[in-house]
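> heads up, no residue letters with this:
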Ligand SMILES: Nc1ncnc2c1ncn2[C@@H]1O[C@H](COP(=O)(O)O)[C@@H](O)[C@H]1O
Ligand SMILES: Nc1ncnc2c1ncn2[C@@H]1O[C@H](COP(=O)(O)O)[C@@H](O)[C@H]1O
Ligand SMILES: Nc1ncnc2c1ncn2[C@@H]1O[C@H](COP(=O)(O)O)[C@@H](O)[C@H]1O
Ligand SMILES: Nc1ncnc2c1ncn2[C@@H]1O[C@H](COP(=O)(O)O)[C@@H](O)[C@H]1O
Ligand SMILES: [Mg+2]
Ligand SMILES: [Mg+2]
Ligand SMILES: [Mg+2]
Ligand SMILES: [Mg+2]
Ligand SMILES: [Mg+2]
Ligand SMILES: [Mg+2]
Ligand SMILES: [Mg+2]
Ligand SMILES: [Mg+2]
C-alpha cells in the first residue's frame, strides 16, 4: 500500500492523525481519505491544495476545506471544547494563513481558540491594548515573519507559555523565514518555544496540548 | 547603572528574573547579586562560571551553585512544588549539563521534576521501557545532540507536549547543535516545540509554565 | 560531440552507465540514447521528464519509463537477481518517488529488492512490526524527509548496513532536505552512510554493490 | 612601508582616520602611532588589546585607552560637541563593550552622546519609561544581541533614525550575532539601518554623521 | 478585522504608514485602501503587483502607481520638500527598481531627491566624475548588487552618511543579494549602514529621516 | 539616462564592454544596443533571453545570438586570434551552456579557443586520453557541476593555469553550484582560480587575459 | 545513573557498543569503563583524550589506547578476521588520524583492514598505481579533506562500494570539512556514501558491515 | 609510509611540490623534509608553525623560514626570475601575512614580484596613484579582507588578470573571510578569479603560472 495510517494515534496520544498532503498526488490523498472514512477516525489533512481538497471531498463529502489555512477536517465539526483558551496572534495580515491553520487545528483538537490579527511591534500600542485578553489565555500562539520580534514582547508580559511560529513573510534577508526563526529561538524573554516555519498545524497542536484539561489524557 | 533588573517580573509573569552571566564580568555579576539581595527577590543566575559563582556567593552567601548546570539559585531552596510533573530526558550522558539546567530551572520555578539519562534511539528499548513514566508527566523535556531524533520518537508515544532542546553535543556536521535543532523543528510527530541550542534554562522555564497548576499564575 | 559515454563502465565497474537527464535537452538525450542503442550496452536514464522519456523511447522503443521514479531503463527487463536482498523503506508516502528510484536501480543492477512505505517514527509500531523483514535484508535503504529520524532507529535494530537518502519532503526549516541530511550524517546509531538529497539512484547503486554476491565483480 | 595612513581623511570627509588593530602586531601599531604623532592628526585605534594599547601609549603618551570599549583615542580629549544628541541604548549589560565603543566614537567625532543600559524588550516598561529621552535624540544607536528585537520597538516610537548594531551576545542559534543581525535587517518598523556585528565604531561614526550640524562638514 | 492600521504613525513618528502588499490578496489590500481613504491619512503601498494596484486604485482613484518601483502613493502628490537633499545612486541599470523605490519613498516623506544610474566601480571614472553632486547631498543611498562595492567607495569620498541597499541583482554566489549584503556590512570605509536586500523603501525612509530639517519632526 | 556605458573600457583595459542583460527589460537593452551602434564599439550582451536578443538584433541587425550560451556579440565576427590557445573542458553535457559562453567570450576577446565535452572524473580515461591537448593550451577553463572534481585532476597534470567555473548542474546538496564552488576553492592541486557559479563569461574573459600575447595590451 | 549502556548491542546487531567520550568527564568515562568490565562485553571508546584514556586504563588495564586515532579498545586484541578486506585510503598525511580510527574500528569489528596514505588526486599516478589493491577490497574507505575529490576518482575505478569520510583538514572555504562533505555527497561516480566529517569510527563500522561474511550476522 | 611525495611534480608541471604542514606533527614534517633532502628536489613547506620550521631546519639546515608568511623554502634562494612581473597588493596592513606568502611563492616559482601594502578603497587615491605600477604587471594579486572591494576596483583599471585572495581579516559578518570571498566571486569588473580564503600560496602559484614566459613550461 502507499500509506500506513497511524490510526491508533487517537488512542495512543489522544489527538487525531493528520495527513500531510504536500508531495502526495490528489489520487493518493483520495485513497487515504477513503481509508479514513472506512475506519471512521477523526482526521486532518494539512497543506492541501484545492486539488487535494477535491479528492478528499469526493471520498468524505462531509469534510470541510478551509482554503486560506489549506486545511481539511473530517468531520467538519470540531469536538466540544475543553481545557483552557488558546489565543492566536498574527503580527501582520500576511501571517493570516499560518495563524488560521493554527486556530483551526487547536479547535479540532478540542480547545476554545481566538484570533487577533496585525498587532506587530512597529505599533506597540496594539498589543499593549490587549493585555487582558493575553492574560486570560492558557496558551498563546504568535505567528510572525520579518523580524519575528512579537513573541519576545508578548512573553515578557504574561505567565502563559508562548508557542512561536515563524512565517515566511518577508523578503531578502528574511531568507524564507530563517530570520524570524532565529529571532524566536533567541528570545530574551523566557517562555517561548518554537515550531517550524509556517507550521501553523504544529503550533495549534502544541498549544492544544498545553491548554488541555488537567485530567486529559 | 550597568543593569536595570526586571525585578517586577515575579509580579508580572509569576516567575523569577534570571541574570545571564555570559559576557558580564564577575564584578558586574557581583554588583547585580548585591542588588538582588537588597530587593530580596528570588533570582536565578545562568551560564555562570565558577568566577561568576564566587562573586555571587560573596554577595548572597546562601545562594547555591550547581556547577554542571552552571546555574546559581537564590534562595538555594526551590519553592514547594505545585502543578504537574516535568520529566527531563537526556539522550546521552554528554547532554547532562543541559538536562540538569532544565531540571533545576523547573524546580526553582515551582515544579516537581525528574531526570532520566542516556535513552537515545540507537537502543530503542531504553525509552520504550519507560512508557509509564513518560505518560505520567504533564510536560516532557528532551535534550539531545547529534541526530536529535529522540523528541520525535517520544512525542509519538505520549499526549503531553514535548519541549525539545538541541545540544551542541556532536562534531562535524552537527555544526554545534544546528543538526539536532533542524531535526527537532521538523519533527514528523506533532507536539514538539523547540528552544535554543543548549538552552536548558529556557526549556525548564517553558515546561514549568506548561505544567503550572490550572489556576496559576 | 556533445557526450562521451562511459560505455566501458560495465567492464570496469560491473555496473551500467547512467545518463543524468537534468540540464540536457530532450534532443541531446535522444542523441545519447541512439548511441546507447548502437553500442548495445545496458543503460539507465535518471531524473527524466516525460519529454526526455519520449526522446529516449523514440530511439530505444523497448526501454521502459517509470514516471514516478523518473527513471528509464534499457533494456526494460532487469538482469536475473543475484546476491542478497535490498530492502527499501520510505518514511512517508511523499518519499515514494525517491524510494522507487532506489528500488528500480537496485533491481536493474541485479538485486532482489522490496519496498515498504509509510513507516515513519511518529508511529513506531509500524517499523517495529517488521523486524523480521528488516533482519532478512543484506542492505537497507531508508528514504526520509522532515526530521530524517528513521535511519537512526532502523540502524539500531539490525546488523546490515543502512544507506540513508534524505528527501526534500518537508517545508520551512527542512530547507529542501538539508535537515534530514544533517540528521542522517549525525546518526547516533553507527552503520548509516548517506547519499545526496533525493538521490534514489545513488542509494540503489550503493545498496546493490553492498548486497552483491561474494564473487561479484 | 607597512601602512599608508589615510591622513587626509579629515579634510576629505571631516572625520578622523581610524586604525584597525586586529591582525596587526603591537609593533606595527606602535610604528603607525608614531607616524600619527609626527603628522599630528586626530586618530582612533579600534579593537585594541592591552598590548596594542601599550605600544600606542609608548608613542603617544597623551592618548587614552578605554579598555572595555577596546578603543584608543588621540588626543584623549574629544572636540567640543556640535550638532544633535546621539543616544546609545544597550539591550543588556553584556552589550556594554559595544555600546561604549559607539558612545566614545560619537564623542570623538564631535557629538554629545548619552548611554542607557539594560532596557531589553523582555521588560518593556524599561524602554517605555524613557520616551522623552528617546524623542530628544537626533540619532539613536541600539546595541542588542540574542533576539535583537529592541531596534524594531524603538524605531516604532520615534522619528529619529535608528542605527542598529547586533552584538555577538548569546549562544547557540544566536550564531555569533547572526540572529540579531537578521532581525535588525528585517525590522518591521522602518527607520532602522544596520552595521556589522559588534561594530560599535561603525555605529558611532554613522550616528555622528547623522547628528552633524546642518552646515557640517 | 484583517488589519489594524498604524494610522497614528504620522503623529507618533512624523512619517506615514506603509502597507506591505506581498502575502496579501488584492482583496485584502483593497479593504485596507478603503480604510485608508476613510481615515484620510497619507499612506504608501509597497511591493505591489499590478493586481494590488488595481485594487488600491479602485478604492483610492487619486493614488499613483509607479510600476517599476512597485510603489503606490496616496495622495499621489508628495508633500512640499524640506530638509536636505537625498541622492540615490544605482550601481547598474538592473538596480533601477530598488533605486526608484528609494527615490519615491524619500520624496513622499518630504525630501528633495535625485537619482543617478549605472555608476558601478568597474568604471570608476563615472562616480569620480560626480564628486560635487555627491558632496552636496545630506544623505546618500547606494543600491548595488553583485559585489556591492560601490558604498565603500562612495563613503570614502564624502562626509554624509551612506545608506546602502544590497540588491538581488546577480546570480550564483551572489546568493540572491547575500554577497552585496555582506560586503556592505563589512565596508572598510565607515559611515555606511545597511538595510535589507532590495529594500528601497527602507533605504528611502532612513535617508529621509537623516536629511530631515533640524527642527523636524 | 538608464545606463552609462563603460565605452572607454576598450582603451583602458583592452577588452570590450559587456552588457549584463538579466534584470533589464528588453526595451532597456534595446536602448543600450542602439547607443552601442551609435558609438561603434565592440560589445557583448550576456545572459540574454530570446526577448533580449530580439531587441538587440532590432538595433544591431548584424549582431549574432548564441542561444545556448545566451550571448550576443556585436560585431558577430570575433577579431583575428592572437596569443596562446584557450582550452575549455566541460565535465558533462549539462555543463555545455556555461562552457560555450566561456568559449565564445574567449574568441570574441581575441583568442583561439577549443571545446571538449563530457570528460568528468567518473571515467578518468577520458581526460587522461587528452594529455597532449591539455598540455598545448596556454590557459584551461574547466566547467563542472556536482562534485566539481575535474579542475583538481586537470591542474595536477599541466603547467598552464586553470580557470575553474562551477556550474549549477546537480541537485540536493549541490546547492545550486555551491558544492563545486567550494570544491574548486579547495583544490588540492595548486594552479586553480575560480569564478562565479555559471559565469562562463568571466571564465572566458580571465582565460583570454592569461593567454594574451606577451606584448598585449 | 549517568549512563545506560546498550550492552545487548552485540546480540542485537552483532557489533560492540561504543562509548563517545567527548562531552563526558574522565570520571564519567571511568565509571562507564568499570561497568563495561563488570559486564565483560567488548567495547570501544571513541574520541578519547589522554585524560579519558587514563581513566579507562585505570578501570580496564588491558585496554589499548591508540593516541593518533583517539580510540580505546577493550579487549586490546581484535577478533579473528572474517569476511572481505577493508581498504582505507587517506588523501594526505593530515588525514591520518581519521583514517587510523577507521582502520582500527574495522579491525575491532572483525575485518582484515589495510591502510594507504597520501594518494590525493593532485598526483593521480599514486592512486592509479594501486589499481590491483583497490580491486581486491570488498569495501573501500576514503578519507579526504580540502576538495574531497578522491572518492569520486576511486569509485569510478572499482566495483566495491566506497565509504567516504570528509575530514576537517584544510582552511578557509573548507569550512571545517563542509567542502569535502558536499563534494562527496555530489560524487559524479555512483557507489559513494558518506559519513560525518572526521567520523572514522562510523566509516570503519559501515565498511565492516559491508565486508561481513555472507552468513553474518 | 606516512607520505608519498609528488616529487615528479617538477617534471610534470614545471613547479615544485609543496608540503602542507597543518594537521601534520613536527615529527612527520621532519621525516618528509629528510626525504626531500635525499631526493634533492626544490620544495616549499606552507602554513608552517615555528615548531614545524624547527623540524625542517634540522633536516634541511639551508632552508629559510619566513615567519610572517609561515613559509619554508628549500633551497632558500629562489631561481633566477623569468617571464613577466607579479604585483601583490594588500588592502590593509592586517593582510600582510597572506600577501607575503603570495609574494614569496611567486618568487620561488621563478617570477619577479613586488609588494604594495595598505591601499584599500576607503582612501581611493592610494591605488589610483599607482596606475603605472599596476599597468606594468603581467599578473596582479590582490589580498583583501572585510568588504573585499579592492579587486573589483583594480580589475577595472588594467588589462592584466587579477588573482583575488580573500583574507580572514575582519570580524562579525566578515564570517572568517566569507564576505570578501563572495565579493570577489561577484566582481562587477571581469578579469578576476579567486583562490581560497588566506591562500597566499595558491595565489602566488596561479600568478606565477600566468606570468610565465611564453615558452614555459
Ligand atoms: N503540516 C504539517 N506539518 C508538520 N507535520 C505534519 C503536518 N501534517 C501532518 N504532519 C505529521 O506528519 C506525519 C507524516 O505525514 P504522512 O506523510 O501523511 O504520513 C503525520 O503523521 C503528522 O503527524
Ligand atoms: N541562559 C539563558 N538563555 C536565554 N535567555 C536567558 C538566559 N539567562 C537569562 N536569560 C534571559 O535574558 C534576559 C537578559 O539577561 P540580562 O543580560 O542578564 O539582562 C533575562 O531577563 C532573562 O530572561
Ligand atoms: N573597528 C573597526 N571596524 C570596522 N572598520 C574599521 C574599524 N577600525 C577601523 N576601521 C576602518 O578600516 C580601515 C582599514 O584599517 P587599517 O587596516 O588600519 O588600514 C580604516 O581606515 C578604518 O576606516
Ligand atoms: N554575465 C556576466 N557575468 C558577470 N559580469 C558581467 C556579465 N556581463 C557583464 N558583466 C559585467 O557587469 C558589468 C555591469 O553590467 P551592466 O549592469 O550592464 O552595467 C559590466 O560592465 C560587465 O563588466
Ligand atoms: Mg500592519
Ligand atoms: Mg549511550
Ligand atoms: Mg504517514
Ligand atoms: Mg537584563
Ligand atoms: Mg553598466
Ligand atoms: Mg557523462
Ligand atoms: Mg601529499
Ligand atoms: Mg589602512
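Noted; the coordinates are in hand. Note that this is a predicted model, so its numbers are computed, not measured. Numbering: from 1, shown residues only, chains lettered A, B, ... in the order given. Ligands and ions are numbered 1, 2, ... in the order given.

> would residue A:48 count as being in a strand?
No. Residue A:48 is assigned coil when assessed by DSSP: H, G, I helix; E, B strand; the rest coil, not a strand.

> Run through the residues that contact it.
Shown in contact with residue A:48 (C-beta atoms under 8 Å, 6 or more residues apart in numbering or on different chains): A:21, A:29, A:56, A:65, A:70-72. In short, each C-beta sits where N, CA and C put it, glycine included.

> and with 7 Å instead?
Residues in contact with residue A:48 (C-beta atoms under 7 Å, 6 or more residues apart in numbering or on different chains) are A:21, A:70-72.

> What of residue A:167?
By C-beta under 7 Å, 6+ apart, the residues touching residue A:167 are A:95, A:98, A:143-145, A:177, A:180, A:197-198.

> Leaving out the residues flanking it, which one is nearest to it?
Counting by C-beta to C-beta, 6 or more residues apart in numbering or on different chains, residue A:167 lies nearest to residue A:145, which is 4.0 Å off, once chain neighbours are set aside.

> Would you agree that neighbour is in contact with residue A:171?
No. Using C-beta atoms under 7 Å, residue A:145 is not in contact with residue A:171, being 9.7 Å away.

> More neighbours: which of the two?
residue A:145 (33 against 22; other C-beta atoms under 10 Å in any protein chain shown).

> Please, where are all the strands along chain A?
Along chain A, the segments classed as strands by DSSP state E run A:17-20, A:43-46, A:64-66, A:71-74, A:85-90, A:112-117, A:139-144, A:162-166, A:192-194.

> So for residue C:105, which of the ones you listed sits nearest?
When the strands of chain A are compared by C-beta to C-beta, strand A:17-20 sits nearest residue C:105, at 26.0 Å.

> low-scoring pLDDT stretches of chain A, where are they?
Applying pLDDT under 70 to chain A flags the ranges A:215-217.

> Grab the most central residue of it for me.
What sits nearest the mean C-alpha location of chain A, by C-alpha atoms, centre = their mean, is residue A:102, with 2.0 Å.

> Does that one touch residue A:88 like I think?
Yes. Taking contacts as C-beta under 7 Å, residue A:102 lies within contact range of residue A:88: 5.2 Å.

> Now for those two: what residues contact both?
Joint contacts of residue A:102 and residue A:88 (C-beta under 7 Å, 6+ apart) are residue A:141.

> burial of the residue in chain A positioned nearest to ligand 4, as a residue count?
Residue nearest to ligand 4 within chain A: residue A:172 (19.8 Å; C-beta to the nearest ligand atom). Using other C-beta under 10 Å, residue A:172 is surrounded by 24 other residues.

> what's the distance between it and chain B?
According to C-beta to the nearest C-beta, to the nearest Å, residue A:172 and chain B sit 22 Å apart.

> Likewise for residue A:56?
Residue A:56 sits 19 Å away from chain B, taking C-beta to the nearest C-beta as the criterion.

> hmm, back to that, grab the nearest non-local neighbour of the residue of chain A closest to ligand 4.
Nearest to residue A:172 is residue E:197, by C-beta to C-beta, 6+ apart, at 3.0 Å.

> cool, residue A:148 as well?
Spatial nearest neighbour of residue A:148, chain neighbours left out: residue A:180 (2.6 Å); criterion: C-beta to C-beta, 6+ apart.

> likewise residue A:94?
The nearest residue in space to residue A:94 (C-beta to C-beta, 6+ apart) is residue E:23, at 3.1 Å.

> Please work out which residue of chain A is closest to chain F.
residue A:175 (13.8 Å; C-beta to the nearest C-beta).

> residues near that residue, how many?
Applying other C-beta under 10 Å, we find 22 residues neighbouring residue A:175.

> State the distance from it to residue C:148.
Plainly put, residue A:175 is 21 Å away from residue C:148 if you go by C-beta to C-beta, to the nearest Å.
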